[in-house]
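> Need the 3D shape of this:
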Amino acid sequence: MKLKTSLVATFALALSLPAFAQKAVEAPGGKFVKEAEQMFRTSFRADNPKYWMTRLEQDDTMKTCLQYRDNPPRPIGQKLERQNAATIRYPVDGKLIGDWKEGEKLAAVGTGGHIGFIQPDPAGRVRGGNCYACHELAKKEVAYGTIGPSLHHFGKIRGNAEEIVKYAYDKIYNSNAFTACTNMPRFGLHSWLTPEQITHIVAFLVDPESPVNKD
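Numbers count the residues shown, from 1 in each chain. Model prediction:
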């Protein structure tokens, strides 16, 4: 789970300027980019683990999406989607549906990945999917985001055929395989969640006994 650093940095700089000066801040690639990038990078704690700080580096997908402001020409977008689809890996046992109860826990957990000004994560802290930040899932959870579509009754509506299960797994593992510049994190690609953990979230979505599929 990496950050679109230059874009975030440019927005941060824009917000720090008075209203009359904000018009001078150009799009990524403009004259303020280097200064904003340096300001952004030096804002992180010096004692953060080095491997965590690699999350600030952009891969080809991020660089391309930034270049085209998340709207690349279709041939370029298709190329990115193919590249991301090639990164998807599956559990060794081949099973894509895990335990929905474990998936329910992962969907609700928002901890993990703390870097920057705050105290880094202690060893052993669970990384969650934080799915409710963007989606409606189980009806009992009333605090959910709307950046992504509602997933309530996902399995009830779509079923749990092999194609649906694979789609759900692939989407969670690397969402850019479907939409080149989507906002959804690539949980599997960046090892945020393991393949096994992803199967649990898939089960949370498709299992008939999951609260996602109950009224």
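> In this structure residue 84 contacts residue 188, no?
No. Look at residue 84 against residue 188 with CB atoms under 8 Å: they stay out of range, at 10.5 Å. (C-beta placed from N, C-alpha, C; glycine too.)
> Give me the common contacts of those two.
Common contact partners of residue 84 and residue 188 (CB atoms under 8 Å, 6 or more residues apart in numbering): residue 174.
> Dihedrals phi and psi, the residue nearest in space to the middle of the chain?
Residue closest to the average C-alpha location in the chain (CA atoms, centre = their mean): residue 185, at 1.2 Å. With angles defined as degrees, to the nearest 10, residue 185 sits at phi -60, psi 150.
> can you check residue 64 too?
Backbone torsions for residue 64, taken as degrees, to the nearest 10, come to phi -70, psi -40.
> how does this protein divide into domains?
5-77, 100-213 (automatic domain parsing).
> Could you export those to JSON lines, including columns for mean pLDDT and distance to residue 89?
Output for these, formatted as JSON lines (pLDDT from 0 to 100; distance: least, CB to CB, whole Å):
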{"stretch": "domain 5-77", "mean pLDDT": "72", "distance to residue 89": "16"}
{"stretch": "domain 100-213", "mean pLDDT": "92", "distance to residue 89": "6"}
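> which of those domains sits most buried?
Comparing the domains of the chain by mean neighbour count (mean count of other CB atoms under 10 Å), domain 100-213 ranks first with a mean of 18.
> Let me see the contact set for the closest residue to residue 152 other than its chain neighbours.
Once flanking residues are discounted, residue 152 sits nearest to residue 136: 5.0 Å by CB to CB, 6 or more residues apart in numbering. Residues near residue 136 by CB under 8 Å, 6+ apart: 144, 146, 150-152.
> wait, residue 213 sits on residue 155?
Yes. The pair residue 213 / residue 155 is scored as a contact, 4.7 Å apart, by CB under 8 Å.
> who touches both of those two?
206-207.
> what ranges do the helices span in this protein?
Ranges of helices in the chain, per DSSP state H, are 5-16, 33-42, 50-53, 60-67, 74-85, 100-108, 154-158, 162-173, 195-206.
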